[in-house]
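**Q** Got a sequence here, can you model it:
(2 chains)
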Amino acid sequence: MVIVSSAFISKALSSPNLKDLRQIHALVITLNLEHSDFFSGKLIDKYSNLKDPHSSLSVFKRASSPPKNVYLWNSIIRALSHNGLSTKALDFYKKLREHNVSPDKYTFPPVVKACAGLLDKEMGDWVYGEIVELGFGSDLYVGNAVVDMYSRMGLLGRAREVFDEMPVRDIVSWNSLISGCSYHGCYEEAVGVYRELRSSWVVPDSFTVTSVLSAFGNLEGVKEGEGVHGFVVKLGVGSVVVVNNGLLSMYLKLRRLRDARRVFDEMVVRDSVTYNTMICGYFNLEMYEESVKMFLENFDQFKADILTVSSILRACGHLRDLRLAKYVHEYMMRGGFVVGTTVGNILIDVYAKCGDMIAARDVFKGMECKDTVSWNSIINGYIQSGDVLEAMQLFKMMMIMDERADHITYLMLVSVSTRLTDLKLGRGLHCNVTKSGFCSDVSVSNALIDMSAKCGEEGDSLQIFNSMESKDTVTWNMVISACVRSGDFATGLQVTTQMRNSGVVPDMATFLVILPMCASLAAKRLGKEIHCCLLRFGYESELRIGNALIEMYSKCGCLKSSLKVFEHMSRRDVVTWTGMIYAYGMYGEGEKALAAFADMEKNGVVPDNVVFIAIIYACSHSGLVEEGLACFEKMKTQYMIEPTMEHYACVVDLLSRSQKISKAEEFIQTMPIKPDASIWASLLRACRTSGDMEIAERVSKKIIELNPDDPGYSILASNTYAALRKWDKVSLIRKSLKDKQIKKNPGFSWIEVSNRVHVFRAGDVSAPQSEAIHKSLEILYSLMAKEGYIPDSREVSQNLEEEEEKRRLVCGHSERLAIAFGLLNTEPGTPLQVMKNLRVCGDCHEVTKLISRIVGREILVRDANRFHLFKDGTCSCKDRW
DNA sequence: CTAGGGTTAG
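**A** Numbers count the residues shown, from 1 in each chain, chains lettered A, B, ... in the order given. The predicted model follows:
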């Protein structure tokens, strides 16, 4: 009876489904066969194959206990390991050892696999030690399992060692090694092992091919991938789905769309990986329409999973296709798709991108497990849709709910405070960042540097910069830009030098920060060096770099270099032309500026409001009144550009400079917007030059009434009253400036002599070679006096008792010191180039003209407004400045 | 009686 039943059960066990298996199991129990190691072992195996490891476990527990038969132990360990219960499998291995059962060579592969599944390196090493100790180290199957384990753990060297020590290897050994390399991104190594394999006696199989294809997909230069495609056919694995999926993936990664499409079309059997590979592949190539099309044409052919859905939804985000997003969302819900955290986060982002914040909020509310990304996505959604208040509200909620903010949260919020120039908010965030330890994140610190700078707190920027342990290119760019923004060029230069010495690789932004700094400083030498640097880094053909170079060279006094850069540019936009036109303007080359403007129009470049400022400015500095006015008209009527305050100021300047004072005044009266201090100041300067003190006084009164923020305008008015000797008014203005705690921008000049910049302040006696400078100036004054020069003290603003004292102050204007220093320290005849942060005063202008004749030198002076080239007693500005 | 390896994704 028992013998008949055993035979029957043995046969019945050959191919059962789960229902049949349970019946057989019941039969085994009723026949009292459950203590038979043979039947128990069979049942454990069968349950395991049907992915029911818990039933396997209960069979094991009811079997003879403690089991002595290693076969039973092997079965249960295998059942657990194969079904992903790695920890349990390892526990059973330990129990086996405790019961003093001797493992055999069949015990180890599942145990090793369990270690691999847990990526537990220590346990892996321990098990491998046991294997070697018990003498199973040379077994092929055990060895393969170990190679695979180390491969999966990314310990590729260790895997290779074990591989090399194996006395026998087969294709599985090779495949384990190759797939390990591929999986861990060591594509060259994967291909290397593949080549070794090809030159051995072992024949590759479909597993080999699939593993190595994924490596070829990531190696653009290597053409062997194509060979593999042919080889696939030769091996006879051309119809294996997984192999074709590998080919598809490779071709898509290499952007070989036609090949991918051909493989796809010729596939007889496809699986969901096939469709996902196509959908994700198109998505990664930013071919969102194709990705979506692939899904819509085949969504009934396979079961969409998280990969499908995340690609398609993100494609909807890029395409701003709200309808499709909602459709896919619905399709997911209908199909019983569980919206987990990741997919929920994608949905929030997609709805936000498509502008449906209500839908985004609904998804957010409905999510059971929110993570930081969920909060970031919804906050970012509100920021992008312009609802900063709601975004901040959510951030507060996040803090209250003790939800962890990450570096991206802070990055987003800091950029909001930057955009709003909200220093209070920014500083609050800075505190949070410091408290939560994110100040070690470079990008967050960079954002804080930028925020402080744009809120006008250069000091904060520098402090953050100095406290940073690691800095990247953006950090340096930001801090230099902070210095430039606040006018602290000295620190800007220092940081630039540090950056160049630090070995950080500059990017385009670096040059776009440093070049304007060189322009402001007229640091010709540094500018040229930077030009060389950017050639070395290959940025010379960039449009914005070209534009910056034009500006840098023109402001450094090298108009010719500007022109050279301009001529070499392959593409030119409005900014390029504006740069050239402005450059010509600064040098008093109004005709050339007009020609450039016409050229620009001929080249089909549409002018914007800025280029009109440049051209009117150019006309203004060359006395081309009619032409300038014509440009102004053209802007309004032909190009329909509404003039701004700056345009009106330019026109007033244009008229005033040419002494058409009444016309200028008339023009101001017809302005459709209320003229500000800059407009009146232009007129006032003209009155001062022409000596029209009646209008000057009237205009000064207007300026004072406007109470301008810029102290320069008030000082101009004050100087007018000083010239009229109305000292009460002067002291009144001075007092109001003092009350507002505004200090006059101190004037200074600088000159570059033998590669060093020397700075001079008005009346500065501590300057280098001060005595020699004063002595040589005295000599020059006496020579000038012989030519009939009388110092003009109108520019002096203080009510000083002694006329002599006034003269001393005039003599002390910083540009004269710089010029004298230049004369003393260069060979006779060398041209001088002096920079000044304010405008040159009338008396200094006169003096410089005379000096240029007396010493026979060209003196180029760049003031806040333009260039003056002094030569043989005349100036290129033709006294219009 | 029993064992080992592959493709999509960030």
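**Q** Tell me which residue in the stretch 451-600 of chain A sits closest to DNA strand B.
**A** Among all residues of the stretch 451-600 of chain A, A:Asp472 sits closest to DNA strand B, at 19.8 Å; criterion: CB to the nearest atom of the strand. From N, CA and C alone the C-beta is placed, and that goes for glycine too.
**Q** Got the phi and psi for that residue?
**A** phi -120, psi -180 (degrees, to the nearest 10).
**Q** Now do the closest residue to it other than its chain neighbours against A:His430, distance only.
**A** The shortest distance from A:Asp472 to any non-neighbouring residue, by CB to CB, 6 or more residues apart in numbering, is to A:Val442 (5.2 Å). Distance, A:Val442 to A:His430, by CB to CB, to the nearest Å: 15 Å.
**Q** Of these two, which one has the most company?
**A** Neighbour count, other CB atoms under 10 Å: between A:Val442 and A:His430, A:His430 has more, with 23 against 16.
**Q** can you tell me which residues contact the closest residue to the more buried one other than its chain neighbours?
**A** Leaving aside its sequence neighbours, A:His430 sits nearest to A:Leu448 (CB to CB, 6+ apart; 5.6 Å). By CB atoms under 8 Å, 6 or more residues apart in numbering, the residues touching A:Leu448 are A:414, A:426, A:429-430, A:433, A:439, A:460, A:464.
**Q** Please work out the average pLDDT along the helix or strand in which A:Leu448 is found.
**A** Using DSSP states H and E, A:Leu448 maps to helix A:442-454. What helix A:442-454 shows for mean pLDDT is 93.
**Q** who touches the helix or strand just after it?
**A** Sequence-wise, the next helix or strand downstream of helix A:442-454 (DSSP H and E) is helix A:458-467. If you take CB under 8 Å, 6+ apart as the criterion, helix A:458-467 is touched by A:430, A:439, A:445, A:448-450, A:452-453, A:471, A:475, A:478-479, A:482-483, A:485-486, A:488, A:491, A:495.
**Q** Show the buried residues in these.
**A** Buried members of the contacts of helix A:458-467, counted by 16 or more other CB atoms under 10 Å: A:430, A:439, A:445, A:448-450, A:452-453, A:471, A:475, A:478-479, A:482-483, A:486, A:488, A:491, A:495.
**Q** Could you tell me which residues of the stretch 501-650 of chain A lie near DNA strand B?
**A** Within the stretch 501-650 of chain A, not a single residue sits near DNA strand B (CB under 7 Å from any atom of the strand).
**Q** Which parts of the stretch 501-650 of chain A are helices?
**A** In the stretch 501-650 of chain A, the helices defined using DSSP state H, counting those that start in this stretch lie at A:508-521, A:524-536, A:543-555, A:559-568, A:574-586, A:590-602, A:609-622, A:625-637, A:645-657.
**Q** can you list the residues that contact the first one?
**A** The set of residues external to helix A:508-521 that reach it, using CB under 8 Å, 6+ apart, is A:473-474, A:476-477, A:480-481, A:483-484, A:489, A:492-493, A:496, A:499, A:523-524, A:526-527, A:530, A:533-534, A:539, A:542, A:544-545, A:548-549, A:551-552, A:554-556, A:757, A:835.
**Q** Need the pLDDT of the residue in the stretch 251-400 of chain A positioned nearest to DNA strand B.
**A** Distances between the stretch 251-400 of chain A and DNA strand B by CB to the nearest atom of the strand are smallest at A:Asn276, namely 3.0 Å. A:Asn276 is assigned a predicted lDDT (pLDDT) of 95.
**Q** Is stretch A:121-130 in proximity to DNA strand B?
**A** No: for stretch A:121-130 and DNA strand B, the contact criterion (CB under 7 Å from any atom of the strand) is not met; the two come no nearer than 13.2 Å.
**Q** actually stretch A:71-81, not the one I wrote
**A** Yes: Stretch A:71-81 reaches DNA strand B (CB under 7 Å from any atom of the strand) through A:71, A:74-75, A:78, A:81.
**Q** Filter those residues down to the buried ones, ChimeraX style.
**A** Buried subset of these, written as a ChimeraX selection, criterion 16+ other CB under 10 Å:
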select /A:74,75,78,81
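**Q** circling back to that earlier point, test my guess that the residue nearest to A:Asp472 contacts A:Thr473.
**A** No: A:Val442 is not in contact with A:Thr473 according to CB atoms under 8 Å; the separation is 10.0 Å.
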